[in-house]
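[1] sharing a sequence plus its predicted fold:
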Amino acid sequence: MTLSRRQLLKGLGWAGAGLTAIAGPAYALTPWPALPHRKAPSADDAAAWVSLRPDGRVELVLPRTEIGQGIAVSFRQIVAEETGFPLEHVMAIHPRSDRLPPTRATVGSDSIKDFGPLLAQASAALAAALKRDGIDSAAPPSGGWAAFVAKPRILAAAAINAAEPVSFKRGAVRRVVGKPAAMDQIRAIVTGDGSLYADDVRLPGMVFAAALRAPRLGATLDNVDDTAAHAIQGYLGLHHIKTGAFIAAATRGSLERCAAAVKAAWVGGDIADDVIARSIDIDSGLSRGALEHVIVQSGTLTRPFDIDLRLDVPMAAHASMEPRTAVARFDEHGGLEIWSGTQDVTFVHSVVAKSMRLSSDRVVVHGCRVGGGFGGKTICVQELDAALLARVLKRPVKIQWTRIDEFREAFHRPPSSHRIKARLTPDGGLDTWHHAFRSGHVIFTSAAMGTALQFATSFVGDPGVSRGALPPYVSAGTRVEFEDVRLPVHTGPWRSLGAASNIWAIETAIDALARKRREDGVAFRRRLIAPQWPRLRRALDRVAAEANWPALRSSPDIGYGVACGIYKDMSYAGVIAEVTRSRGRMRVTRLWCAHDCGMIVNPDQVRAQVEGNLVWGIGMALHEELGIVDGHLGATSFADYPVPRYSDVPNMIIDLVDAGDASTGAGETAIVAATAAITNAIAAMTGKSVTRLPWRDQTV
Amino acid sequence: MQVHEMSKIKAMPATERGSGDEDFGAIVQVGRRSIAYTPSKEVRMRFTLNGNEADIPSAFAEDRLLWLLRDHFHLNGPKYGCGVGACGACVVHVDGEAQRSCLLMAGDVGGRRVVTLEHLGAGRDGGLHPVQKAWIDAGVPQCGYCQNGLIMTAAALLAANPDATARDISAAMDDVICRCGTHQRIRTAVVAAQTSIRRRSR
């Protein structure tokens, strides 16, 4: 194989290393005959986003899904800024396939960066068009709004491109952008008064369905006996559709009783519980020589090493609070409507249309508020199931995954296994940095690809696995290499993809080097950060100042740790953690974070994202681990998959750095530094690096 | 696997794992006061729902209370999160006490007074309970899906004990899962609501 990685990426149709990529001639062999839309948005697309309604409000069709990141209000702020309309006169509606051109999935923390400026352009163009007709505020025209709006105004791409918005203009005076504003739908969330999520969709005659689930990984259905279910009121039968075997019932209660009454026999599935650990073991990988994908090789690697660390990260679940849910309905003319809390309305639309051989204008997908996504709600599963069953049953169908389904049938963050060897120069610089790691897949995932494409991509390094693997530190000799390993469980994108795991490993090793030199962790990093990352150095300085780092002294009972990181070469975070030992447990008792995502549209929502990332760092460091137990994924509920709870979360002091740089993203940044700051604080107490996540008391 | 020490949930018996019929999660008892259920098919079952007398249709009597509320009464406040009482997304007040509606049968609440998130603020200023108002002021929600359980749990706690200590608050709020990481704002909001409730009761 002599093709370079870049050539092969091009050959497969990859424009770049992004998320959920399925492309190229092999696509017909994938489970779905459809591709995710990957193009960046254009001015033509933006023309569909904003319009004036007959009631005098500006309507914004969200090109990105609201998953709790506050994008609806942030986008409304941009529209309000440009049009001069008050924020409450700008209303957002969720993405829907009949109102939007094809739009890529809500992933990658790039809504403000890639969609925000275009939305500002389109809004400014709308404002200019209104001004030509004498409207320069939200005050109604003399003839009233309805008559005014009756005359169509087309926002042309040329006008959008020519507009001069102020939202992202450095130094511009802004009314709305840059100020806190409450999240959309907050009142409905706290009062229950409103239909927000897919499960709030109720249609006349709607029935419920559930898949028969294998009791072991890899088992296949042998036979089903549903005799007993027929005696249960509301049972609507067993249905074999192309995505699996399902039972249906008139109500959720009867569905549960029927599920308990159906006897399904399964064959096969004999996966050993330690298969994952063996598959990704870095040392057995390295014992066979170089790993498959070398990201960087420069200078020479010199022995002996000052540190040689083996670092392990387990599989983890998204564990979104809203289980996957979809509702599907056919109208009397054969048109199909779907409601789902999905991160990718466009992909769901094209998968369903193509799988069911419906022309695309016959399918409408309504995006609902997503009750937690974190990268997990990016593929099309329950939507297609519901649509297929709605066709069979000739009634609207709701499918809601159970919590056990969420743990067993969804895809998860892949486990990874790392070895980092490094050597210092005599004057305390980095002489050698060698990071090798093996991981399950993130983007080239079996959750989204058939075996043919899995094979095709096996020559290409999975860009989700390698995200964040390049250290921001200068070293005379550097080698970073990895292997993506096919696992018998579905893995895929989780908050920050591979970056949280890779940067945890890097920052653990850097901290070990600083300890080896007895040098202060902040000072050591400052010296080593490469010149092209001044904003990382600034984030580190800001958090050190905020926490008064020089005054913090670790002891065997209380530790202080630091870490920093860059997400997607665009956003920067420095984190300091205080961890306290209490009765054999480690508790995070304070967290400080300096966070730089450039110019901020809504500081309150950015702050919320940083808080969430820090809490996820606590989970990674101290709680979360998903393994195989007795041949199946070993979690069934929050009782056996611990996530951070109220008393696990300390006071968090967050410093938002906004020095006027271009806006980037906040959804996945702080997690890359949070986990290592916590485990480095533990190392400061014990003198030993934490080499396996989550931390466990090794002395017990 | 570590079972969270704050959790009052008894782990599911191992014998029920992998038995093939666990798709909906076996119902486990949470360490709260459970309500005795004596089915009586002949008597028409009634309860008070959000201040109004309502019938429990016999077809729903043996369903989870959560399904009765969501699918028969079309209430959106209580949510399905886990079905085994381990997350709190489905919390409602039964006779003023926070209960997991996924663990109660509809028939369990015959003659009882059930309040959901929709009715929490009824009859008060602007229709918002002090906890709901504090929640908006602190900007707590992200995805929003778990917030019903947090708000209903906090409201029941502060109603029963307006002088709840930080430890009492932790014990109650630890039982409700939020995945987005809104915990710091939950703390701010509960404290603000407590101040407001105490002031009101003076």
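    Received it, and whenever you're ready, just let me know what you need.
[2] every contact and neighbour count from this point should use C-alpha atoms.
    Noted.
[3] looking at this, A:Arg553 is in a helix?
    No - A:Arg553: not assigned to a helix; according to DSSP: H, G, I helix; E, B strand; the rest coil it is coil.
[4] show me what contacts it?
    A:Arg553 is in contact with A:Gly559, A:Tyr560, counting by C-alpha atoms under 8 Å, 6 or more residues apart in numbering or on different chains.
[5] how near is it to A:Ile576?
    Distance, A:Arg553 to A:Ile576, using C-alpha to C-alpha, to the nearest Å: 13 Å.
[6] list the residues that contact both of these two?
    A:Tyr560.
[7] ranges for the helices of chain B?
    Under the criterion DSSP state H, helices of chain B are mapped to B:65-67, B:130-138, B:147-160, B:166-173, B:183-201.
[8] point out the other elements, helices or strands, that the longest one touches.
    Spelled out, that is helix B:183-201. helix B:130-138, helix B:147-160 (3 or more C-alpha pairs under 8 Å, 6 or more residues apart in numbering or on different chains; DSSP states H and E).
[9] so what's A:Asp136 scoring on pLDDT?
    In this model, A:Asp136 is scored at 82, pLDDT.
[10] ok, back up a step: for B:Val191, which of the helices and strands packed on helix B:183-201 is the nearest?
    helix B:130-138 (8.6 Å; C-alpha to C-alpha).
[11] quick one: average confidence on that closest one?
    97.
[12] list the buried residues in that helix.
    B:Pro130, B:Val131, B:Gln132, B:Lys133, B:Ala134, B:Trp135, B:Ile136, B:Ala138 (16 or more other C-alpha atoms under 10 Å in any protein chain shown).
[13] how far does it sit from the chain's center?
    18 Å (C-alpha atoms, centre = their mean, to the nearest Å).
[14] got the angle for that helix vs helix B:183-201?
    Counting by axes from the mean of the first three to the mean of the last three C-alpha atoms, to 10 degrees, helix B:130-138 lies at 130 degrees to helix B:183-201.
[15] domain parsing for chain B?
    B:34-119, B:125-201 (automatic domain parsing).
[16] go through those domains and find the least confident stretch.
    domain B:34-119 (a mean of 91).
[17] is any part of that one close to chain A?
    Yes - using C-alpha under 8 Å from any C-alpha of the partner chain, domain B:34-119 comes into contact with chain A via B:60, B:62-64, B:67, B:71, B:74-78, B:80-84, B:86-87, B:117-119.
[18] thinking again about what came up before, using CSV, please lay out the helices of chain B together with distance to A:Val465.
    As requested, the helices of chain B are exported to CSV (distance: least, C-alpha to C-alpha, whole Å):
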stretch, distance to A:Val465
helix B:65-67, 40
helix B:130-138, 37
helix B:147-160, 33
helix B:166-173, 36
helix B:183-201, 30
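[19] which of these sits closest to A:Gly341?
    Of the helices of chain B, nearest to A:Gly341 by C-alpha to C-alpha is helix B:147-160, at 17.0 Å.
[20] and B:Asn161, what are its phi and psi?
    With angles defined as degrees, to the nearest 10, B:Asn161 shows backbone torsions of phi -150, psi 90.
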